[in-house]
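J.: coords please:
(2 chains)
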Amino acid sequence: MSQGTPDKDHDAARRAFLRNAAAATVITLAPGVTLLTMGRAEAGIAKPSGPLDPKKRWGMLIDTTKCASGCDKCVAACKKENGWEAREGSPTDPQWIRKVDVKDPGTGFEMSLPVMCQHCEHPPCVDVCPTGASMKRADGIVLVNRHICIGCRYCMMACPYKARSFEHHEVEESDKAPWAPRGQGTVEACTMCVHRVDTGRIPACVEACDKGAMLFGDLNDANSDIAKRLAEYPSAQIRADLGTNPGVRYAQLP
Amino acid sequence: MTFRLIRLVAVLALALGGVLGSAAGQAGEIGPKIAIDKSKGQCVRPRDEMRRTHMQLLKHRRDETMYRGVRGGKVSLRACMECHAVKGEDGKFLTVKSPKHFCRVCHDYAAVKPDCWDCHVSVPDAAAGQAMLKLPGHSMHAEASGLVKYLQGGKK
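T.: Residues are numbered from 1 along each chain as shown, chains lettered A, B, ... in the order given. Now for the predicted structure:
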């Protein structure tokens, strides 16, 4: 038996015997039988979700022509879903998704688009992580495993999309969401609402967008809406030159 | 001879003391007592096993969730809450800030500080502070049909 996995049954039995040694004397003096039933009530419990399908690659298509400047419904939905709130004027508060307004000074063309973790196929944040906390799931969702994140913030430096943030403050119990744990001293970012996707729902931002600017789906499934749209219309990745192959694509991005 | 007699008496006295001692306080009970609501059925593992290895179960599930997306079900941190969470005098569930929180009762006794609650909610889902919890459709065990319908082109 290795050190990490003690022989549980024997170990527990030995402990129980030592603790019950006195009681065992009683049994020899006045014989009696104690029957312990260890039945497990499995009924009525929902089956756990998963495991995930590694053939999938979850992605998003954002249509920049439909996204309106000044609308931040996706950002608000993300804040509510995942329990983060950027304080006014603070440069260090968490920001899982942000609205970016850009303008071509030459032509005056303006455009607005949400930017969040781009869920790269080759994520630089995963390359640089010294603990293995920064990770990519088999279905393409890039996450921080905050159980092993030491808060060094190398990933924040490495991310070309500035998608990750560091939680400086203790998270109040009342701000925590049961499905999206977050805490002080760790790095966090958009999870593509992994808790929703795992249980068969779509990300909160996509659900909140009432202009139809955001589309979520499996990039690997040729029959999915997102794959069809990508095949039919021009789309682009932000900083495609870096070769990270993001899962978040932008339609009509000039 | 006298020495032998003394030794015999001593051994008998020890054995008897053990019997009386164990009869007075329930045999084999060490550590603090926690009241457990058994109306919801048995735990996922026998008591002694849980005491020794609950952290291994939780760690295993933690990795399953992070890497493979396994969520919900009975062997999960959220499910522990459903049976074990205790209410305070005001009828509200106690958070881990209270020494009476079911995790802290034993962990304080053993001088071990688990850091689960730095990030995770320490009360049952239904009692968590966020107002959004009360919104319909927020369930860890939601059916996959919603996503399937959405992916097939229907309305979400």
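J.: for A:Ile62, give me its contacts.
T.: A:113-114, A:213-215, A:248-251 (CB atoms under 8 Å, 6 or more residues apart in numbering or on different chains). In short, each C-beta sits where N, CA and C put it, glycine included.
J.: kindly recompute the last result at 7 Å.
T.: A:113-114, A:213-214, A:248, A:250-251 (CB atoms under 7 Å, 6 or more residues apart in numbering or on different chains).
J.: what pairs with it across the strands?
T.: A:Met214, A:Tyr250 (DSSP bridges).
J.: so for it, what's the pLDDT?
T.: In this model, A:Ile62 is scored at 96, pLDDT.
J.: quick one: it and chain B, what's the gap?
T.: Here A:Ile62 is placed at a distance of 16 Å from chain B (CB to the nearest CB, to the nearest Å).
J.: quick one: that residue and A:Gly140, what's the gap?
T.: 16 Å (CB to CB, to the nearest Å).
J.: circling back: what is the nearest of the contacts of A:Ile62 to A:Val75?
T.: For the contacts of A:Ile62, the minimum distance to A:Val75 (CB to CB) is 7.0 Å, reached by A:Pro114.
J.: now the closest one. Nearest residue, chain neighbours left out?
T.: In this structure, A:Pro114 finds its nearest non-sequential neighbour in A:Cys74, 5.1 Å apart by CB to CB, 6 or more residues apart in numbering or on different chains.
J.: quick one: the one you found from A:Gln184, how far?
T.: Taken as CB to CB, the span from A:Cys74 to A:Gln184 is 26 Å.
J.: higher neighbour count, these two?
T.: A:Cys74 (25 against 13; other CB atoms under 10 Å in any protein chain shown).
J.: just confirm that one is within a strand.
T.: No - counting by DSSP: H, G, I helix; E, B strand; the rest coil, A:Cys74 is located in no strand; its state is helix.
J.: show me where the stretch 151-254 of chain A has strands.
T.: For the stretch 151-254 of chain A, the strands defined by DSSP state E, counting those that start in this stretch cover A:165-166, A:187-188, A:214-218, A:235-236, A:248-251.
J.: okay if I get these as CSV plus mean neighbour count and mean pLDDT?
T.: CSV is the format used below for the strands of the stretch 151-254 of chain A (neighbours: other CB atoms under 10 Å in any protein chain shown; pLDDT from 0 to 100):
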stretch, mean neighbour count, mean pLDDT
strand A:165-166, 18, 95
strand A:187-188, 24, 96
strand A:214-218, 23, 96
strand A:235-236, 16, 94
strand A:248-251, 22, 96
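J.: make a markdown table from those and add distance to A:Phe109 to it.
T.: As requested, the strands of the stretch 151-254 of chain A are exported to a markdown table (distance: least, CB to CB, whole Å):
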| stretch | distance to A:Phe109 |
| --- | --- |
| strand A:165-166 | 30 |
| strand A:187-188 | 34 |
| strand A:214-218 | 21 |
| strand A:235-236 | 15 |
| strand A:248-251 | 15 |
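J.: of the ones you listed, which is nearest B:Ser122?
T.: strand A:187-188 (19.3 Å).
J.: out of the contacts of A:Ile62, which comes closest to chain B?
T.: A:Met214 (10.9 Å; CB to the nearest CB).
J.: wait, that closest one touches A:Pro203, no?
T.: No - if you go by CB atoms under 7 Å, A:Met214 and A:Pro203 don't touch, sitting 8.2 Å apart.
J.: show me what the closest residue to A:Gly83 other than its chain neighbours is bridged to.
T.: Closest residue to A:Gly83 apart from its sequence neighbours, by CB to CB, 6+ apart: A:Ala177 at 4.3 Å. For A:Ala177, the beta-bridge partners under DSSP bridges are A:Ala180.
J.: need the pLDDT of A:Ala177.
T.: Reading off the model, A:Ala177 has pLDDT 89.
J.: quick check, central residue of chain A?
T.: Nearest residue to the geometric centre of chain A (CA atoms, centre = their mean): A:Thr191, 2.8 Å.
J.: need phi/psi at it.
T.: phi -110, psi 10 (degrees, to the nearest 10).
J.: thought A:Pro124 was touching A:Met156?
T.: No - using CB under 7 Å, A:Pro124 is not in contact with A:Met156, being 10.7 Å away.
J.: could you list the low-confidence segments of chain B?
T.: B:1-29, B:129-156 (pLDDT under 70).
J.: hmm, 80 instead?
T.: For chain B, the stretches flagged by pLDDT under 80 are B:1-30, B:34-37, B:127-156.
J.: all strands of it, in order?
T.: Counting by DSSP state E, one finds no strands in chain B.
J.: can you give me the helices for it?
T.: In chain B, helices defined by DSSP state H lie at B:2-24, B:47-68, B:77-84, B:102-109, B:145-151, listed in chain order.
J.: for the stretch 101-250 of chain A, same thing?
T.: Ranges of helices in the stretch 101-250 of chain A, per DSSP state H, counting those that start in this stretch, are A:124-128, A:154-158, A:194-198, A:204-208, A:225-232.
J.: of all the ones you listed, which one is nearest B:Asp118?
T.: Taking CB to CB, helix A:194-198 is the member of the helices of the stretch 101-250 of chain A nearest to B:Asp118, at 18.5 Å.
J.: mean confidence for that closest one?
T.: Throughout helix A:194-198, pLDDT has a mean value of 95.
J.: mind listing residues that contact it?
T.: Contacting residues not belonging to helix A:194-198 are listed as A:49-50, A:52, A:58, A:141, A:143, A:179-180, A:202-204, B:69, B:71 [CB under 7 Å, 6+ apart].
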